[in-house]
Each structure stands twice: as structure tokens, then as C-alpha cells.
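K.L.:
3D, please:
(2 chains, ligands or ions: 2)
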Amino acid sequence: MKKVIMGNHALSYGAMLSRAQVISAYPITPQTQVVELLSEMCADGTLNAQFIKVESEHSAMASCIGASAAGARAFTATSSQGLALMHEMLHWAGGGRHPIVMGEVNRSMAPGWSIWADQNDSLSQRDTGWMQFYCASNQEVLDTVIQAFKVAETLMLPAMVILDAFALSHTYEVVDVPDQALVDKFLPPFKPAIKLDPADPRAFGGLTGSEHYMELRYKLEKDMEKAPALIEETGREYEKLFGRRLGLIDPYRCEDADFVFVTSGTAGYTARVAVDELRASGVKAGNLRMKLFRPFPFQAVREVLAKVKKAAVVDRNCSYGAGGIFYQEVKSAVYGWPGMPPILGYVTGLGGRDITTDSFKEIAAHAAARDRADEEIVWIGVKK
Amino acid sequence: MTQEAKKDKKFTMTLPADELMACGHLACQGCGATLAMRYMLKAVGQKAILCIPACCWAVIDGPYPYSSMDVPIYHCAFETAASTATGVKAGLEMTGDTGTTVVAWAGDGGTFDIGIQALSGAAERNEDIIYVCYDNEAYMNTGIQRSSATPFGAWTTTTPVKHFKNRPKKDIVAIMAAHKIPYVATASVAYPEDFVRKMKKAKEIKGTRFFHVYAPCPTGWKSRPDDTIKLARMAVQIGYFPLIEIENGEKTTLNMMIKQRKPVDEYLRLQGRFRHLQPEQVAAIQAQIDTRWEHLLRGCTV
Ligand SMILES: Cc1ncc(C[n+]2csc(CCOP(=O)(O)OP(=O)(O)O)c2C)c(N)n1
Ligand code: SF4
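P.N.:
Numbering: from 1, shown residues only, chains lettered A, B, ... in the order given. Ligands and ions are numbered 1, 2, ... in the order given. Purely as a prediction, here's the structure:
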């Protein structure tokens, strides 16, 4: 059924259709509507789930972990400061192998207080053992939640479904909300191999000496590495039922491009418009939108970049002292591989500053004059 | 029951015989917290799940992949005993298990200090969990630092003798009772029958049940391992740790009336952590105990 819904509600419908059993969340702008709708669905029985109205995000994630350990499908959503407050528990969910799915609305970190979009909140959680999916439309948000549960529960790893504050969270778009029966066909109930069960008592996460810890982490890494292939496979299966798929990257006019932008989130769709305009003016441009960030889709990115002459990574985030995070990751993905183009990095759009087609044109012009990054961090759109 | 016990007609078992805790755990000699767990499990039985945050008990149980207990344990983050237990309970209910008792089991630090937000949140929502705080009056797992449960006058590594703890212990029982949860109780490892009776009663109640269990720690208190029970008993008998129950934040019952309360002196003398105290400080501690005892008697049924 087609519905006009905001990005936040695309998360709620995704969780509902996935039949999440325990939802535990704490409000923060711009995530609030995600859980408002879900609490309503739980209260009126549309969704057969327990909604735990916790007193903090830290407790939200702790109770999702508890629920997941008890064998239930758990969902939460947060943003910015809330995600940062959860940080310790994100490691717990990753290291403890709990396939929780979380909606995460990209909002800048304070100070100064800002409710607008940038990616420093989620990207600074990149080492917690969570998969990270960056979305660019409300449809993609909804579809990703359902597919993320399937991948997460197969690998026993948690997943974040990430969308830009306001640009998606509060923007209404037409979304095809799939049929529950079809989703049930795609996503079976969560049945973990081991769980908290008095009939089969086990201790989860106890004191672990150096003779075991590394092996547990090795297994986590190996399962992370399985994710790209599994996401592709899950996407194909989803496509058969719903006509859309998740995938690792979203390349646009890259096959014959000389120059590509590497983008993520809603900036990726703005980049498409810029690409069309640049092509009209004779620049053979393309856009590589990153959908999956963790695990990093090395091969998919290399395949696209191998065909182009130059790439500019556009980051709506900054690892202070080292530049854009996607930039660093893309550079390291191609480093040492023959035939790879020069990669340049740009930081823009922090704190919700608009990333416009002009921003992309400025980046293209700057990149055209260089064959390698001559300064580590190039800022676009800073008022002088 | 042993053969001898069966033959002896006068012998009666006052505690459940089942042992859900095996030998091979890693506690120090004379650890009160270990006895507390043993008694709690005897009362609650095998259909239970424990959530244990960082504390001595995160170690006592045994290292991965072992466990010395016959019930499942989730080792959770330091401040999350109550919130993890809340999630476990919700998860069980959603997967069709409504009969398992979920017990959050934390030290005084994890309860009085870092975990109080999650505990208060769970209590305010009246989550259907039993929360047990075993109180050894300091952070023992990290090497004896003061917590807000450390009593006035005590030495710890962060309250050295010249700067001993100069604030009274936080009144966690009053705080929890103020949440108007159905059941708040104190218990002591020196009175296992009382502990087991109250725990069995708590098991039948729905909602948040809170236990404050007095659990001496020879390592941190600088006391003799074989004085653990003696100290726990004295704490009750001098009126320092009264055995009480509070129902719905209103009805307080004193489980053991002490007609002739002994002075605090000997209790303090048996513990190295109070060795530095001057007579006037001992008198101050005595005065604090007397005031609280009188306050308690005014507000409860006996
Ligand atoms: C967030 C966090 N901060 C600090 C610690 C370190 N830590 C582990 S156990 C502990 C003390 C526990 O004290 P308590 O709860 O009283 O239990 P006990 O060790 O006395 O049994 C501390 C401070 C931690 N594990 N997590
Ligand atoms: S330090 Fe104290 S509480 Fe911890 S195991 Fe030893 S005796 Fe028990």
C-alpha cells in the first residue's frame, strides 16, 4: 500500500512489519516520532510488542540487549547525544552478538546545541561491532529495516539504519508499505541458537581471559566479513518479493565517468542532480553513494573506482585532526591496488548546512585543478 | 537430607535443600556476598535468570566458558542491572515464558551509585523484577574504594585513615520505599531463614521487589573470614542493620525486635577499617545508630 509518510515513520513501519517484539526507547529530537508511533501501535495492539518506556538511552539499549538475550526481536531508535550516551552499550550489543536493529537519525553533536544533520554521531560508533546502513529516501529506510533484521539475525550482529535529520526524518515522501503477509514470508521469527533459558542454563559474557577473548572477536570480525555477500543475497530475495533491494552501494552514471563523487545519505541524491548538470556542461561525472559503511564494502567500491580517473569524497562529518571519515576509509580501501584513481576529500554540510548542487560543482572545480590531495582537509561552504 | 539427619528426629531443615550454586567459584574466604547468592537461589529456585553487572559477583561465578551456577546468567554493564533485567523480563514474556523469575544482582556501588538511575527508572515503572543489592559497603572488585554505601568513619583506599569517610551511608531503603514499589526488604547472611522467607514471599509478588542484603567482606573490611556471620549478626543486633520489610512504601514491619541493643564498639573493633577511630567518633557512630533506630521504631509495626 502506498502511503505518504515521514522518514521517522518509515522506521516505525519497518519495525512494525518486522514484528519487533520488544521496543525500548527514549525521546530525542529528531527521532521522537519513530517511537511515538510505535508506542501507539503497541498500545492499540497493531503491533504485538512490549514497549519499555525507559529513563535514558543507556537503559534503552541495555533493555534491548536483555530482550534479545532472552530470544526476542528488539528495536530502538535514537540520535546524536542519545547515541553517544548508548556508546558503552553499543559495544555490549556488538560484542555480545545481539541482532538488535536501531533507527539512528544523524544529528550533529553538541556543543553548540544543534538538532540538524551531520554524521559525526553515527560514524564515531563505527568500531562497536554494528553494521551501518546509510539511507537516502524514506522508501529505502523502510526496506532497510526489514532486510537489516534478516541479515542481523543470520549473522547475530546488530545493525543501525541511518537517516539524515529533517532532510529525511521529517520529510514526507510516498512510500510503498509492503504487505505484512509478504514480509512474514521474507522474515521468519527470531529463533536464536542459544538464549537465556532456565532449562539450559548458560552464563553470557562472563569474565574472559586472554586465552579466549581474541577468538570471540575473531569470530565477530569473520561474521562481519560475511555481511556484504549476505546483504546482496538478502537484497535479491527481497527484490523478488517487493521489487526493490538493499545492496551495498548505489552508483549513478559511474560506468563511463571520468570523475565521481563519493557520497552518503541524502547528499547522495543531491549529487545525482549535480552529476546531470555537470554532464550537460561536458564533465563526465558520476556519483557513488555509499549505503553500507560497516562492514566496509571494499570490493564494491574498488570496482567502481577502478573505472574512473578521479574521485572526490564528500563528507558530512569530520574526524578532527584527520579529515572526513568516508574519505579516510575510501582512501584506505583503494590503497595499494593498481589502477586506482587519485582520491580527494571534502568536508561540508556540518550542523545541517545545506549541501546543494552548487556545493558539488565547487567540489568538482576544486578537484579538476588537482591530481592529488594537497591539503588534508578541504572545507566547502565555510563562511570566510 | 543426610542419613544421620533423617535418623535424628529432632533435626529439621529450615532452608530448601537444593543447591543451585556449585563449589569451584572464585570468592574470597568468608565472603558474605557468596552466601547471599546461595540463599537467594535456594528461595527462588531453578526457574530464574540472573543479571549481574560489574562487581565481585561478575568474577565469583567463574570465568568464561564456566559458571558455578545452575541458572542462566547475563553479565551486563555496571550501571544496567535493572534495565537489562527489565529487557530480559520483557523478552521472556514476548517469547511465551511468563514463569521465570528475573533477578538483578548487584553490589552496593552498582546500586547506590552508578546504577541508581536505571534502578529508579525500573522501580518507577514497577518492572516485574527482583533487584538484590548485596552490600559490602565499598567497591570491592576494583580494590576497596568508597561508595555511597560506605559508612561514616570507614577506611577505604579513597577514604584513607586521615580522611576517612565523613558522610553517612546513603539510605537506599528509604529511597526505594519512596518509589512505592510493592516490596522492599532488608536481609542478612546471618539470618538465612528470614532471608529465604522474605525472598519466597517476594517471588509471589508482581512488580519491582528490592532487597538490601548485608554481606560482610573480610577482604575489604580487614576482618577475619570466620567472623563474617558474627559481624553480620552483630550489625542486626546493635541496630545498625535492622531486618525490615516495607510494603507499597507504607507499611513497615520490623522483623526482629532487639530489646537490649549492644553498643557498637565490638562490632567496630573486629574490623581493621575502623581501627583509626577515636572515642568521640565511635560515640558519633553510636549516636547515628540510636537516632535511626528510634526513628524506625516510631514508624513500624513489630
Ligand atoms: C562504567 C564502568 N565504570 C567503572 C567500572 C569499574 N568497576 C567494576 S566493578 C566496580 C566496583 C563494583 O562495586 P560494587 O558494585 O560495590 O560491587 P563489589 O565489587 O563490591 O562486589 C567498578 C568501579 C566498570 N566496570 N564500568
Ligand atoms: S572482595 Fe569481598 S565481596 Fe569480593 S569476593 Fe572477596 S570477600 Fe567477597
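
K.L.:
for the stretch 101-250 of chain B, which residues score under the pLDDT cut-off?
P.N.:
The model of the stretch 101-250 of chain B has no residue with pLDDT under 70.

K.L.:
residue in it with the shortest distance to chain A?
P.N.:
Relative to chain A, the nearest point of the stretch 101-250 of chain B is B:Gly121 (3.2 Å; CB to the nearest CB). Heads up, the C-betas are built off the backbone N, CA and C, glycines and all.

K.L.:
ok, that residue - contacts?
P.N.:
Counting by CB atoms under 8 Å, 6 or more residues apart in numbering or on different chains, B:Gly121 makes contact with A:54-56, A:59, B:82-83.

K.L.:
and these, which of them are buried?
P.N.:
For those, a burial check counting by 16 or more other CB atoms under 10 Å in any protein chain shown picks out A:54-56, A:59, B:82-83.

K.L.:
residue closest to the middle of chain B?
P.N.:
B:Val213 (1.9 Å; CA atoms, centre = their mean).

K.L.:
that one belongs to a strand?
P.N.:
Yes: the assignment for B:Val213 is a strand, going by DSSP: H, G, I helix; E, B strand; the rest coil.

K.L.:
surely it is in contact with B:Pro192?
P.N.:
No: taking contacts as CB atoms under 8 Å, B:Val213 lies outside contact range of B:Pro192: 10.8 Å.

K.L.:
what residue is smack in the middle of chain A?
P.N.:
A:Phe133 (2.4 Å).

K.L.:
which of the three states applies to that one?
P.N.:
strand.

K.L.:
from chain B, which residue is nearest to ligand 1?
P.N.:
Residue of chain B nearest ligand 1, by CB to the nearest ligand atom: B:Gly107 (2.1 Å).

K.L.:
give me the number of residues near that residue?
P.N.:
32 (other CB atoms under 10 Å in any protein chain shown).

K.L.:
what residues are up against it?
P.N.:
B:33, B:53, B:55-57, B:133-136, B:139-141.

K.L.:
so how far is B:Thr142 from it?
P.N.:
10 Å (CB to CB, to the nearest Å).

K.L.:
chain neighbours aside, what residue packs nearest to the residue of the stretch 101-250 of chain B closest to chain A?
P.N.:
Closest residue to B:Gly121 apart from its sequence neighbours, by CB to CB, 6 or more residues apart in numbering or on different chains: A:Glu55 at 3.2 Å.

K.L.:
the one you found touches B:Glu124, doesn't it?
P.N.:
Yes: using CB under 8 Å, A:Glu55 makes contact with B:Glu124 at a distance of 7.5 Å.

K.L.:
which SS state does the residue of the stretch 1-150 of chain A found nearest ligand 1 fall under?
P.N.:
Nearest residue of the stretch 1-150 of chain A to ligand 1: A:Glu88, at 6.3 Å (CB to the nearest ligand atom). Following three-state DSSP, A:Glu88 is assigned to helix.

K.L.:
show me what the residue nearest to the centre of chain B is bridged to.
P.N.:
Beta bridges link B:Val213 to B:Tyr134, B:Ala187, judged by DSSP bridges.

K.L.:
and it, what does it touch?
P.N.:
Per CB under 8 Å, 6+ apart, neighbours of B:Val213: B:36, B:40, B:132-135, B:186-189, B:195.

K.L.:
now the helices for the stretch 1-150 of chain A?
P.N.:
For the stretch 1-150 of chain A, applying DSSP state H, counting those that start in this stretch gives helices covering A:7-17, A:32-44, A:57-69, A:80-95, A:120-123, A:138-155.

K.L.:
the stretch 151-300 of chain B: helices as residue ranges?
P.N.:
B:172-177, B:192-203, B:218-221, B:228-237, B:265-269, B:279-299.

K.L.:
for those helices, which one ends up most surrounded?
P.N.:
helix B:218-221 (a mean of 23; mean count of other CB atoms under 10 Å in any protein chain shown).

K.L.:
does that one come close to ligand 1?
P.N.:
No: judged by CB under 6 Å from any ligand atom, helix B:218-221 and ligand 1 are separated, with a smallest distance of 7.2 Å.

K.L.:
need the residues that contact that helix.
P.N.:
By CB under 8 Å, 6+ apart, helix B:218-221 touches B:28-31, B:136-138, B:140, B:144, B:156, B:224-225, B:227-228, B:231, B:271-273.

K.L.:
and with 6 Å instead?
P.N.:
Residues outside helix B:218-221 that contact it (CB atoms under 6 Å, 6 or more residues apart in numbering or on different chains) are B:28, B:30, B:138, B:140, B:144, B:225, B:271, B:273.

K.L.:
name the SS class of the first one, please.
P.N.:
If I follow you right, that is B:Cys28. Quick answer, by three-state DSSP: B:Cys28 is coil.

K.L.:
which residues touch it?
P.N.:
So B:Cys28 contacts B:Thr219 (CB under 6 Å, 6+ apart).

K.L.:
one more: the last one?
P.N.:
With CB under 6 Å, 6+ apart as the criterion, the residues that contact B:Arg273 are B:154-155, B:221-222.

K.L.:
of all these, which comes closest to ligand 2?
P.N.:
For those, the nearest to ligand 2 is B:Trp221 (8.0 Å; CB to the nearest ligand atom).

K.L.:
ok, and the closest non-adjacent residue to A:Val161?
P.N.:
A:Thr144 (4.8 Å).

K.L.:
that neighbour against A:Tyr134, yeah?
P.N.:
No: A:Thr144 is not in contact with A:Tyr134 according to CB atoms under 6 Å; the separation is 9.2 Å.

K.L.:
hmm, stretch A:188-204 touching chain B?
P.N.:
Yes: using CB under 6 Å from any CB of the partner chain, stretch A:188-204 reaches chain B at A:196, A:198, A:201-204.

K.L.:
pLDDT on that stretch, on average?
P.N.:
Stretch A:188-204 carries an average pLDDT of 97.
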